[in-house]
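Undergrad: let's see this in three dimensions:
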Amino acid sequence: MPHVRLKDGAELYYETHGSGPPLFLVPGLGGDGRFWEPNLAGLAREFTVVVHDHRGTARSTLSRIDYSVEQMADDALQLIDALGFAKVHWCGHSTGGAMGQVLAIDHPDRIDRLVLSATWAKTDAFFRRLFEVRALMLKELGPTAYVKSSALALNSPFWVRDHDADLAVAEARADETIPLPEIVLSRIAAIVAHDRRDRLQAVRAPTLAICARDDMVTPLYFTEELVRLIPEARAYVLPDGGHFFPNVHAAEFRRVITAFLLEP
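TA: This next block holds a predicted model:
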């Protein structure tokens, strides 16, 4: 399967689907490009969709490094270069949205249109405390407890109610999904350190910030702040769906971002 070798020798797993303007779909903290599977085929009808697994996750190199959002963004930029794209549309979910902010500010000529999905500009006390608890669960109780507890923050109660068996399968695979907990802990530290609030005025890419009203990981006020600080940004708020709303309301998510990305 396709990989691109980074400057330091690590490899990123990636896939391309469809044809049309290039669109990078970038997952969150879990880093696994398969997060986007419910939306992949639909978006590939309009775009050349690129998905990748972040370094340290899934099918990419499990590098033991000090992770940062800037490093994650640079890895993705190397993939953009390797694929020969001058600029791309970027749809980043959560951590992927933090990466998108970095690229839109530091490499504005490489980002065409920017979709910030369930993301934040700067950590606050709520976000820090949430991830302190998640890190503590992983460190003290291990991957299974981490996956089991995280599901309660990432998903709406109605989704958990209706997908109990799916969650049990994910919990049973936790040691496979998280073979090196220290990497996840470093990635958690990286996202807690993210802060681009004071530079968002420099974003020039047309920007859509999208979220769910009941998201308990990146609450609505984070999206409201992004729209307030990024010039001419707009917001779209779904009534529910939790942090993983792009998959809960996949058809609506695709409709909204496709309309935005294809605007003249």
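
Undergrad: partners of whichever helix or strand residue 211 is part of, with directions?
TA: In this structure, residue 211 sits in strand 207-212 according to DSSP states H and E. Using DSSP bridges, strand 207-212 pairs in its sheet with strand 111-117 (parallel), strand 234-238 (parallel).

Undergrad: find the nearest non-adjacent residue to residue 21, please.
TA: In space, and not counting its chain neighbours, residue 21 is closest to residue 47: 5.5 Å by Cβ to Cβ, 6 or more residues apart in numbering. For the C-beta atoms, the positions are set from N, CA and C on the backbone; glycine is no exception.

Undergrad: could you pull up the residues touching the one you found?
TA: Taking Cβ atoms under 8 Å, 6 or more residues apart in numbering, we find residue 47 in contact with 18, 19, 20, 21, 22, 23, 89, 261.

Undergrad: now do it, the pLDDT please.
TA: Looking at residue 47, its pLDDT is 98.

Undergrad: returning to that earlier point: deepest in the core, which of the strands paired with strand 207-212 is it.
TA: Highest mean neighbour count among those (mean count of other Cβ atoms under 10 Å): strand 111-117, with a mean of 25.

Undergrad: and whichever helix or strand comes after that strand, what other elements does it pack with?
TA: Per DSSP H and E, the first helix or strand lying C-terminal to strand 111-117 is helix 125-141. With contacts defined as 3 or more Cβ pairs under 8 Å, 6 or more residues apart in numbering; DSSP states H and E, helix 125-141 has these neighbours: helix 143-154, helix 181-192.

Undergrad: between those helices, which gets nearest to residue 10?
TA: With respect to residue 10, and counting by Cβ to Cβ, the nearest of those is helix 181-192 at 12.0 Å.

Undergrad: go through that closest one and flag the buried ones.
TA: Across helix 181-192, burial judged by 16 or more other Cβ atoms under 10 Å covers 183, 184, 185, 186, 187, 188, 190, 191.

Undergrad: next up, the contacts around the spatially closest residue to the fifth one that is not a sequence neighbour.
TA: The shortest distance from residue 187 to any residue that is not its chain neighbour, by Cβ to Cβ, 6+ apart, is 4.8 Å, and that residue is residue 67. With contacts defined as Cβ under 8 Å, 6+ apart, residue 67 is in contact with 55, 56, 183, 186, 187, 189, 190.

Undergrad: quick check: the last one touching residue 65?
TA: This means residue 190. No - the pair residue 190 and residue 65 fails to qualify as a contact (Cβ atoms under 8 Å) at a distance of 10.2 Å.

Undergrad: one step back: just the buried residues of helix 181-192 now: which is nearest residue 122?
TA: The nearest one, if we look at those relative to residue 122 and count by Cβ to Cβ, is residue 191, at 11.2 Å.

Undergrad: related to what we said a few turns ago, now list whatever residues contact both of residue 190 and residue 65.
TA: residue 71.

Undergrad: neighbours of residue 240, just the number please.
TA: The local packing of residue 240 (other Cβ atoms under 10 Å) involves 15 other residues.

Undergrad: wait, residue 258
TA: 17.

Undergrad: just to revisit the earlier point, what distance do you get for the residue nearest to residue 21 to residue 38?
TA: 16 Å (Cβ to Cβ, to the nearest Å).

Undergrad: try residue 208
TA: 19 Å.

Undergrad: quick one, what contacts residue 69?
TA: 95, 98, 99, 102, 190, 191, 193, 194.
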